[in-house]
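Student: Dropping a prediction and its sequence here:
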Amino acid sequence: MTVRPTAVAGTWYPGNARALAHDVDEYIAAAGVQPHGDIHAIIAPHAGLMFSGPVGAYAYAAAANATRGYDVAVLVGPSHFYAFDGVALYPEGAFATPFGEVRIDADVARALATAPVVQDMPSPHAREHSLEMQLPFVARLLPGVPIVPLLIGHQRRQTIEDLAAALAATLRGRRALLVASTDLSHYFDAATAERLDGEVCDAVAAFDPARLLTMFERHPDAERGRFVGCGMGAAIAVIMAARSLGAQHARVLRYAHSGHVSGDPSCVVGYLAAALGTFDAQ
């Protein structure tokens, strides 16, 4: 079995199980649980755990306490180091974590790979942190649930829409959790970040992927990640797919930026946690 080794364990998050469990459990306890219902999808950030963990915990607390269990978690994030068209799938084996190996659901992976937009392409996953930073929460809170790892390359409208269609077609009838991995604006002062990120949060809360896509396309390709979100294409695809799979509401559970941890408001990165599903919209 092919096992993708950790790339940022011991630097971006603790490399041993005991220390990692302590941190994850602490973040989950602080987050509490809301909303309660049938959670189809979540959005969570992927920075170093001390920065993004207190935000992402809100999304994973909701998923872990959903009214239905999950047979598979499909992780969708951006590729930070490789440029390519389409979506890169890690098709089989497992991802290593300090908690043990998280198995890949090869059956769901094969089904997704029948879509032209999805390619068997393990190489972009080797150094990538956007999915790895979800695994401390997945392995701790959803033990035994296999994953399907997907990295979106050039985040263009056709790729986003094709991925959304492939996810909806493949996951219909399955008990799947969709996970979109994205940070929000990058390296603005806190006031500017809060203004830019507020627009994104409003569109997510309105369950309006079309507005998010328009917002994303307002900027040149090279600037979209800085102004809107490095994985916003992944998030838009997940929101579209979640709607197709029956989600009726979206809720922003938490927003923060790195300045809240570092104490430096001059240059921050924004973080969002959200849930999509069938629950009380308030």
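Tutor: Sure, I can see it. Numbers count the residues shown, from 1 in each chain.

Student: so where's the protein uncertain?
Tutor: Scanning the chain for pLDDT under 70 picks out the ranges 281-282.

Student: can you pull out the helices in it?
Tutor: Shown for the chain, the helices assigned by DSSP state H span residues 17-31, 49-64, 106-113, 135-141, 157-171, 190-205, 209-217, 221-227, 232-244, 259-262.

Student: who touches the fourth one?
Tutor: The contact list for helix 135-141, computed with Cβ atoms under 8 Å, 6 or more residues apart in numbering, reads 13, 20-21, 23-25, 28, 44, 49, 53, 56-57, 60-61, 63-64, 73, 75, 95, 97-100, 102, 145, 147, 179. (Glycine included, C-beta is placed from N, CA and C.)

Student: which parts of that helix are buried?
Tutor: Under the neighbour-count criterion of 16 or more other Cβ atoms under 10 Å, helix 135-141 has L135, P136, F137, V138, A139, R140, L141 buried.

Student: For the residue lying closest to the fifth one once chain neighbours are set aside, grab the count of nearby residues.
Tutor: For A139, the nearest residue in space outside its immediate sequence neighbours is F99; the separation is 4.1 Å by Cβ to Cβ, 6 or more residues apart in numbering. Under the neighbour criterion other Cβ atoms under 10 Å, F99 is assigned a count of 17.

Student: Please name every helix or strand in contact with the longest strand along the chain.
Tutor: With DSSP state E applied, the strand covering the greatest number of residues in the chain is identified as strand 268-278. With contacts taken as 3 or more Cβ pairs under 8 Å, 6 or more residues apart in numbering; DSSP states H and E, strand 268-278 sits against strand 38-44, helix 49-64, strand 186-188, helix 190-205, helix 232-244, strand 249-257.
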